[in-house]
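Enquirer: got a sequence here, can you build the structure:
(one chain, ligands or ions: 3)
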Amino acid sequence: MTRSICILGSTGSIGVQTIDVAKRLGIKVVGLSTHKNVDLLIEQARDLDPDILCIGDEKYYTLLKENFPDKIIVTGQEGLISVATYPAADLIVNALVGISGLVPTIEAILAGKRVALANKETLVTGGKIIKKIISRKQGKDSHPILIPVDSEHSAIFQCLVGEDKKNVKKIILTASGGPFRGKKLKDLQSVNIEDVLKHPTWTMGKKITVDSATLINKGFEIIEAMFFFDKKCDDIDVVIHPQSIIHSMVEFVDGSIKAQLSYPDMRLPIEYALTFPERGKAVAAPLDLVKIKNLTFEEPDFDTFFLLKIAYECAKKGESYPIVLNAVNEEAVKYFLEGKIGFVDIMNYVAKIIESHERQKVESINDILEIDMEARQKFKNLVEGEKS
Ligand SMILES: NC(=O)C1=CN([C@@H]2O[C@H](COP(=O)(O)OP(=O)(O)OC[C@H]3O[C@@H](n4cnc5c(N)ncnc54)[C@H](OP(=O)(O)O)[C@@H]3O)[C@@H](O)[C@H]2O)C=CC1
Ligand SMILES: CC(=O)[C@@H](O)[C@H](O)COP(=O)(O)O
Ligand SMILES: [Mn+2]
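Expert: Ligands and ions are numbered 1, 2, ... in the order given. As a prediction, the model looks like this:
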């Protein structure tokens with residue numbers, strides 16, 4: 001059982017829920033990090049009394065030091081790595097958003113930490129490299145170094161307990177379908193930020209909520225599942241399940257399918273990651289199956305939500321493709337949330353840049369970061385070029 005954790009991204013949706021679960025389980029939080037939400041960081045630090053605090057912008061250093069003279073205060077990327085590798089933590093919860101989660105995950109693993117990984121962009125961009133690092137690090141200890149927090153991957157992880165890998169035929173990822181399920185491309189031209197952020201079943205940070213609306217979130221989850229469970233993308237299906245009660249399924253060679261069900265509450269996969277291989281009872285809310293009544297399934301609409309199709313193609317091509325997919329999407333979502341481009345533009349820009357991309361080999365973390373930067377620049381040039 002985990003006794004002490006650091007939370008990277010403690011002020012976000014997963015971060016805040018992790019604090020709730022940790023308090024209920026009696027787990028000590030020894031480190032916290034935020035990008036810029038200094039007020040919430042101070043509030044969390046007063047409540048939890050951790051040893052180390054990190055904030056992205058160093059202008060807040062003095063304010064934090066004045067409030068917490070006895071604590072270790074760190075800033076920027078180096079500070080984040082200090083939290084990710086903090087000696088007193090048994091486990092690091094990575095609740096950062098975007099590629100900012102990649103290097104801290106790698107540093108934590110290299111420092112011998114177990115990582116509860118919510119940040120899916122880590123495996124989308126760095127899956128190949130991280131797999132290599134883990135295969136060197138994972139000794140005879142059967143306790144996995146990386147534990148999934150993403151609800152679908154937690155569900156699959158739970159379905160696989162006690163199973164032999166060779167008996168797994170297929171992974172079936174469930175998707176809510178997002179706020180625009182059933183809509184066609186022409187209906188999406190006029191949607192605004194508010195419409196996009198109205199997720200039908202989950203309350204999450206803005207970036208992942210937009211990703212759910214384009215369905216690229218499910219595309220990222222295919223790539224995440226390939227690395228978590230050592231499967232090819234052809235063995236990973238996506239099915240629309242609007243109720244978000246079945247969080248994913250595993251089909252075995254004998255045709256049997258296992259599923260994990262619960263109300264859509266991220267605190268359950270967080271709790272499982274913190275208590276594995278045990279189970280906690282900090283957030284238990286038993287399903288009332290009779291009240292739920294209907295669990296329904298549909299084919300995804302690959303024509304309207306074409307980023308899901310593109311994500312499959314990127315997953316298959318591998319190497320630089322998933323990195324470019326992620327980078328352009330991150331930038332496009334940022335531009336959308338700033339009101340600079342429309343919702344369908346996100347999908348079109350990602351498609352356009354992927355279409356003209358030429359595969360590059362990925363051998364190192366530096367390769368990833370370079371490919372990421374180039375793709376972001378390409379996106380900016382494209383948008384600015386079209387404006388002028
Ligand atoms: N929310 C959910 O229910 C789920 C989330 N996930 C995944 O978990 C991850 C976190 O998601 P979510 O909690 O929704 O995201 P949020 O945007 O709510 O939170 C992100 C956290 O990371 C911090 N942060 C943002 N950018 C940086 C940066 N460049 N450097 C350092 N810290 C940064 C934020 O600080 P600040 O508050 O200052 O901005 C915040 O603490 C994502 O990868 C997402 O895909 C997966 C499944 C479900
Ligand atoms: C809660 C969680 O894990 C999210 O990734 C969720 O899956 C998003 O919902 P969609 O199924 O709509 O992408
Ligand atoms: Mn998910």
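Enquirer: how close does the residue of the chain positioned farthest from its centre sit to Phe379?
Expert: For the chain, the largest distance from the centre (Cα atoms, centre = their mean) belongs to Ser388, which lies 35.2 Å off. Per Cβ to Cβ, to the nearest Å, Ser388 is found 15 Å from Phe379. Every C-beta, even on glycine, is put in place using the N, C-alpha and C of the backbone.
Enquirer: hang on, the earlier thing: which ones are touching the residue farthest from the centre of the chain?
Expert: With Cβ atoms under 8 Å, 6 or more residues apart in numbering as the criterion, no residue contacts Ser388.
Enquirer: how much space between it and ligand 1?
Expert: For Ser388, the distance to ligand 1 (Cβ to the nearest ligand atom, to the nearest Å) stands at 29 Å.
Enquirer: now swap in Gln138 and tell me
Expert: Separation of Gln138 from ligand 1 (Cβ to the nearest ligand atom) stands at 23 Å.
Enquirer: got it, and Ala375?
Expert: Distance, Ala375 to ligand 1, using Cβ to the nearest ligand atom: 17 Å.
Enquirer: what strand or helix carries that residue?
Expert: Element membership of Ala375 [criterion: DSSP states H and E] is helix 365-387.
Enquirer: need the contact partners of that helix.
Expert: By Cβ under 8 Å, 6+ apart, helix 365-387 touches 99, 102-103, 106, 125-126, 129, 320, 323-324, 326-328, 330-332, 335, 340-341, 349, 352-353, 357, 360-362.
Enquirer: so stretch 195-213, near ligand 1 or not?
Expert: Yes - counting by Cβ under 6 Å from any ligand atom, ligand 1 has neighbours in stretch 195-213: Trp202, Met204, Gly205, Lys207, Ile208.
Enquirer: quick check: the last one vs Ile216, distance?
Expert: Taking Cβ to Cβ as the measure, Ile208 and Ile216 are separated by 10 Å.
Enquirer: kindly report the same for the first one.
Expert: Trp202 sits at a distance of 15 Å from Ile216 (criterion: Cβ to Cβ).
Enquirer: ok, now which ones touch Tyr312?
Expert: Here Tyr312 is in contact with Gly219, Ile222, Cys233 (Cβ under 8 Å, 6+ apart).
Enquirer: ditto for Ala285
Expert: Per Cβ under 8 Å, 6+ apart, neighbours of Ala285: Ser262, Tyr263, Asp265.
Enquirer: out of those residues, which are buried?
Expert: Ser262, Asp265 (16 or more other Cβ atoms under 10 Å).
Enquirer: let's have the contacts of Ala285 in a markdown table, adding secondary structure and distance to Ser151.
Expert: Converted to a markdown table, these look like this (DSSP: H, G, I helix; E, B strand; the rest coil; distance: Cβ to Cβ, whole Å):
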| residue | secondary structure | distance to Ser151 |
| --- | --- | --- |
| Ser262 | coil | 9 |
| Tyr263 | coil | 11 |
| Asp265 | coil | 9 |
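Enquirer: out of the contacts of Ala285, who's nearest ligand 2?
Expert: Taking Cβ to the nearest ligand atom as the measure, ligand 2 lies nearest Asp265 of the contacts of Ala285, at 9.1 Å.
Enquirer: residue ranges with poor pLDDT in the protein?
Expert: Applying pLDDT under 70 to the chain picks out residues 139-142.
Enquirer: gap between the closest residue to ligand 3 within it and ligand 2?
Expert: Taking Cβ to the ion as the measure, the chain has Asp150 as its residue closest to ligand 3, at 4.3 Å. With distances taken as Cβ to the nearest ligand atom, Asp150 is found 5 Å from ligand 2.
Enquirer: try Ile240
Expert: Remark: distance between Ile240 and ligand 2 (Cβ to the nearest ligand atom) = 8 Å.
Enquirer: circling back: the residue of the chain closest to ligand 3 touches Glu221, doesn't it?
Expert: Yes - counting by Cβ atoms under 8 Å, Asp150 touches Glu221, with 6.5 Å between them.
Enquirer: shared neighbours of the two, which are they?
Expert: Listed as contacting both Asp150 and Glu221 by Cβ under 8 Å, 6+ apart are Lys120.
Enquirer: return the residues of the stretch 251-388 of the chain in contact with ligand 2.
Expert: Within reach of ligand 2 by Cβ under 6 Å from any ligand atom, the stretch 251-388 of the chain has these residues: Met266.
Enquirer: which parts of the stretch 251-388 of the chain sit against ligand 1?
Expert: Residues of the stretch 251-388 of the chain lying near ligand 1 by Cβ under 6 Å from any ligand atom: Met266.
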